[in-house]
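Asks: coords below, sequence missing:
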């Protein structure tokens, strides 16, 4: 079977020295479908997407297909002509298919693409936008059940149509993540994040499906408390400056979002109180995706504290528990 064109990961320069790591676990360990830790967008975000070239037909395919993820994830995509949009899609046929993962996109220079669709069909568009939302390749599950015939994989992917070197092949196909790098659910052979591989690439002689639709588990996972839950988000009123607001993480994976206004530039402190170990993330001004600062334990005890110089505008503060399954009450206030 001739090798097919495959997607490859784009990773930040600082992560080049952090390759996927192999993992050995004992009997009974659950296999996992994977999303990389700390790559998720702020839950309920609207993410701007613009195009760098492409025909009207190519752009319309993306506009039609990509939002399918948003039927299940508590995210929205807004197609715009803004050249500085968070996601910038190019259509270079000589550059393969790739995307940066989740919030890594925010660190890419605004004159560069964050995603390329070197060919266009439903499967590749859903797959790359899955990466954009924070998902990793399903076949790099630490216990995905795939035992590779490495010589065959390297031989096929070294040639047409991919022409990958061995390091690229190992990073995108052969290497596995370790459990401390990922979050996820059970391994899913039907996932859109799993490409179809020929049986000759595996030692067991069992290939994988070429999936073109979101699987049941894809839909469940992207809307789960670990990713973008529609029910787990608590949107609370604007925070009063200099007054504490009582709140609580009442269910697993909940993320509380607060707003506050800055009328005049100055120094501000956003802080939590209580016994719950929470993490603060500050976004703005006038943006739910532009991260200004994040903190875990700079406050009293295990509380979070952010000190920042802020310009006039609307800011959002996201509060989540340090432990993925943790719950508990806390207080939050803004002083300026």
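Replies: Great, that's in hand. Note that the structure is predicted; figures quoted are calculated from it, not measured.
Asks: Setting aside sequence neighbours, what's the nearest residue to the residue nearest the centre of the chain?
Replies: Among the residues of the chain, the one closest to the centroid is residue 134, at 1.5 Å (CA atoms, centre = their mean). Nearest-residue entry for residue 134: residue 102, 3.4 Å, with adjacent residues in sequence omitted and distances by CB to CB, 6 or more residues apart in numbering. C-beta: built from backbone N, CA, C; applies to glycine.
Asks: pLDDT score for the one you found?
Replies: pLDDT, the model's per-residue confidence, is 92 for residue 102.
Asks: same question, residue 91
Replies: Per-residue confidence (pLDDT) for residue 91: 97.
Asks: what does the one 3 residues further on give?
Replies: On pLDDT, residue 94 comes in at 88.
Asks: Residue 300 now?
Replies: We note a pLDDT of 88 for residue 300 in this prediction.
Asks: Do I have it right that it meets residue 273?
Replies: Yes. The criterion here is CB atoms under 8 Å, and residue 300 meets it with residue 273 at 7.0 Å.
Asks: Where does pLDDT dip in the stretch 201-336 of the chain?
Replies: In the predicted model, the stretch 201-336 of the chain carries pLDDT under 70 at residues 230-243.
Asks: Where do the helices of this protein begin and end?
Replies: Secondary structure of the chain by DSSP state H: the helices cover 56-65, 122-132, 150-158, 166-169, 216-222.
Asks: tell me the most buried of the ones you listed?
Replies: Burial among those, expressed as mean neighbours by mean count of other CB atoms under 10 Å, is greatest for helix 122-132, which shows a mean of 23.
Asks: Residue 300 and residue 273 - which one has more neighbours?
Replies: residue 273 (18 against 12; other CB atoms under 10 Å).
Asks: what's the closest non-adjacent residue to that one?
Replies: In this structure, residue 273 finds its nearest non-sequential neighbour in residue 331, 4.2 Å apart by CB to CB, 6+ apart.
Asks: Report how many residues lie close to the one you found.
Replies: Counted with other CB under 10 Å, the neighbours of residue 331 add up to 15.
Asks: my guess is it contacts residue 272, does it?
Replies: Yes. Contact status for residue 331 versus residue 272: in contact at 6.4 Å, counting by CB under 8 Å.
Asks: Look up which residues are beta-bridged to the residue nearest to residue 273.
Replies: As for beta bridges, residue 331 partners with residue 246, residue 273 under DSSP bridges.
Asks: Name all residues that make contact with it.
Replies: Residue 331 is in contact with 244-247, 272-274, counting by CB atoms under 8 Å, 6 or more residues apart in numbering.
Asks: Report pLDDT for the residue nearest to the centre of the chain.
Replies: The predicted local confidence for residue 134 comes out at a pLDDT of 90.
Asks: isn't it right up against residue 221?
Replies: No. Distance between residue 134 and residue 221: 10.6 Å, which falls outside the contact criterion (CB under 8 Å).
Asks: is it true that residue 54 touches residue 88?
Replies: No. Residue 54 lies out of contact with residue 88 (CB under 8 Å); the separation is 11.1 Å.
Asks: which residues sit against stretch 76-83?
Replies: 45-50, 62-63, 66-67, 69-70, 87, 110, 129.
Asks: Now do the buried residues in it.
Replies: 77, 79 (16 or more other CB atoms under 10 Å).
Asks: Any idea how far apart the tips of that stretch sit?
Replies: Criterion CA to CA, to the nearest Å; first-to-last residue distance in stretch 76-83 is 18 Å.
Asks: hang on, the earlier thing: the residue nearest to the centre of the chain and residue 171, how far apart?
Replies: Distance of residue 134 to residue 171, given as CB to CB, to the nearest Å: 18 Å.
Asks: ok, and for stretch 200-209, which residues are buried?
Replies: Within stretch 200-209, the residues that count as buried by 16+ other CB under 10 Å are 201-202, 208.
Asks: Just give me how far that stretch sits from the chain centre.
Replies: Taking the mean of its C-alpha atoms, stretch 200-209 sits 28 Å from the chain's own mean (CA atoms, centre = their mean, to the nearest Å).
Asks: again with stretch 199-209
Replies: How far stretch 199-209 lies from its chain's middle: 28 Å, per CA atoms, centre = their mean.
Asks: now swap in stretch 219-227 and tell me
Replies: Distance of stretch 219-227 from the chain centroid (CA atoms, centre = their mean) equals 11 Å.
Asks: got the end-to-end distance for it?
Replies: Across stretch 219-227, the straight-line distance between its terminal residues is 11 Å, by CA to CA.
Asks: quick one on the thing from earlier: settle it for me: which of residue 54 and residue 88 has more neighbours?
Replies: For residue 54 and residue 88, the more surrounded residue by other CB under 10 Å is residue 88, and the numbers stand at 22 against 17.
Asks: Now for that one: which residues touch it?
Replies: Under the contact definition (CB under 8 Å, 6+ apart), the residues listed for residue 88 are 49-52, 108, 110, 112-115.
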